[in-house]
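Q: Please work out how this folds:
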Amino acid sequence: MQMKGYQLWEKQVNLRGGLTGRQVEIIIQDDRSEGPIAPGLYEEMLSSQEVDLVFGPYSSTITAAILPAAQRHGYPVLIGGASSDKLWAQGHDNVFGVYTPASRYTVGTKPGPGFSRVTPVPGGFQSRLLNCSLLPRRNRLCLRGHP
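A: Now for the predicted structure:
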């Protein structure tokens, strides 16, 4: 899914003339979701200096493994598939992200009076499988995530 999103972004940006007049080309390399492979792929890509921006890999562990190479070569990294708080505690000044850090997933969702727990419901799931309006109003708290 993440890869498809990046490819869609590339297509949409290029249809509008690119960034600063340059067409965008996303280079996708397969790290096979193996932590030891990713740093080498990123090191090779960044040392060639043929990229302007780096998208982080999927998973917090693999993302943490590639951040030192990006920092060393001075490249910004967009983290789009990892959420561990440890990523933000490493002190890198070239990292920005789109995910909420894992420790903040449920901030602001504390149960109100009469509730013992809060269960976030992913977007789409609520409308297909769970009709919250069937629950008595005093026992109802359904949170819908964003797709």
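Q: By mean pLDDT, which helix or strand of this structure comes out lowest?
A: Of all helical and strand segments in the chain, the minimum by mean pLDDT, DSSP states H and E falls on helix 125-129, at a mean of 40.
Q: Near the nearest residue to Asp31 once chain neighbours are set aside, how many other residues are there?
A: In space, and not counting its chain neighbours, Asp31 is closest to Ala38: 4.0 Å by C-beta to C-beta, 6 or more residues apart in numbering. From N, CA and C alone the C-beta is placed, and that goes for glycine too. Applying other C-beta atoms under 10 Å, we find 25 residues neighbouring Ala38.
Q: so Ala38 makes contact with Ala64?
A: No. Counting by C-beta atoms under 8 Å, Ala64 is not a contact partner of Ala38; they are 9.8 Å apart.
Q: residue boundaries of the helices in the chain?
A: 2-15, 38-47, 60-73, 85-88, 125-129 (DSSP state H).
Q: Show me the shaky parts of the chain.
A: Scanning the chain for pLDDT under 70 picks out the ranges 105-147.
Q: what comes up buried for stretch 72-87?
A: The neighbour-count check on stretch 72-87 (16 or more other C-beta atoms under 10 Å) flags 73, 75, 77, 79-84, 87 as buried.
Q: Now do it: everything it contacts.
A: Outside of stretch 72-87, the residues within contact range by C-beta atoms under 8 Å, 6 or more residues apart in numbering are 2, 5-6, 46-47, 49, 51, 53-64, 66-67, 70, 92, 94-103, 105.
Q: which of these are buried?
A: For the contacts of stretch 72-87, buried by 16+ other C-beta under 10 Å: 6, 46, 54-60, 62-64, 66-67, 70, 92, 95, 97, 101.
Q: List the contacts of Val13.
A: Val13 neighbours (C-beta under 8 Å, 6+ apart): 19, 24.
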